[in-house]
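Chemist: The following comprises the amino acid sequence and a computationally predicted model.
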Amino acid sequence: MPAFQLHPRLAEDTQIIGELSLCRLLLLNDRRFPWCVLVPRRPDLRELHDLPEDDLARLMTEVVAVSRALESHCNTFKINIGALGNLVPQLHVHVVGRRKDDDAWPGPVWGHSQAIPYEEAEAARLRNALREACGAKPAR
């Protein structure tokens, strides 16, 4: 069986927070939106329905944990969840914290405008808080 590999576009656009029981947890490098991406560490997945039922249930549990962490640590008003995959075919789930005063409110965040990268200290604080809140292990 082939090994799990993170799609290059996801690796380029994110920072690793850690490993959950199923997913690699990533932080999108755009400080305007508290935005996590969960990628099941299984090779060759494109769609949610490609996951075995027990992994699908585990993915939803992890999405809920990340949603709660964003809510509690980032003062969000709404959590948006999506698995689009139009540009990156590897199965991944976006969990985006929204605020009524964010740059894209109330419209979608996808394709809104140029990302504004985190300062390293700010990203490190957020990664650590989310890692702890979700119970993620450091990445291998």
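Modeler: Done, it's in. The shown structure was predicted, so the numbers you read here are calculated from the model rather than taken from an experiment.

Chemist: Bridged to the spatially most central residue of the chain, which residues?
Modeler: For the chain, the residue nearest the mean C-alpha position is residue 37 (1.5 Å; C-alpha atoms, centre = their mean). According to DSSP bridges, the partner residues bridging residue 37 are residue 26, residue 94.

Chemist: On the pLDDT front, check it for me.
Modeler: Predicted confidence (pLDDT) for residue 37: 98.

Chemist: is it true that it touches residue 90?
Modeler: No: judged on C-beta atoms under 8 Å, residue 37 makes no contact with residue 90 at a distance of 10.3 Å. The way it works is simple: take the backbone N, C-alpha and C, and place the C-beta from them, glycine included.

Chemist: shared neighbours of those two, which are they?
Modeler: residue 10 (C-beta atoms under 8 Å, 6 or more residues apart in numbering).

Chemist: quick one, what contacts the residue nearest to the centre of the chain?
Modeler: Residue 37 is in contact with 10, 14, 25-28, 92-95, counting by C-beta under 8 Å, 6+ apart.

Chemist: List buried residues within those.
Modeler: 10, 14, 25-28, 92-95 (16 or more other C-beta atoms under 10 Å).

Chemist: Closest one of those residues to residue 64?
Modeler: Checking those against residue 64 with C-beta to C-beta, the nearest one is residue 95 at 9.3 Å.

Chemist: residues in contact with that closest one?
Modeler: With C-beta under 8 Å, 6+ apart, residue 95 has these contacts: 35-38, 63, 66-67, 70, 79-81.

Chemist: residue boundaries of the strands in this structure?
Modeler: Along the chain, counting by DSSP state E, strands occupy 14-19, 23-28, 35-40, 78-82, 93-98.

Chemist: As a markdown table, those strands with distance to residue 127 would be great.
Modeler: Listed next are those as a markdown table, based on distance: least, C-beta to C-beta, whole Å:
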| stretch | distance to residue 127 |
| --- | --- |
| strand 14-19 | 5 |
| strand 23-28 | 6 |
| strand 35-40 | 10 |
| strand 78-82 | 18 |
| strand 93-98 | 14 |
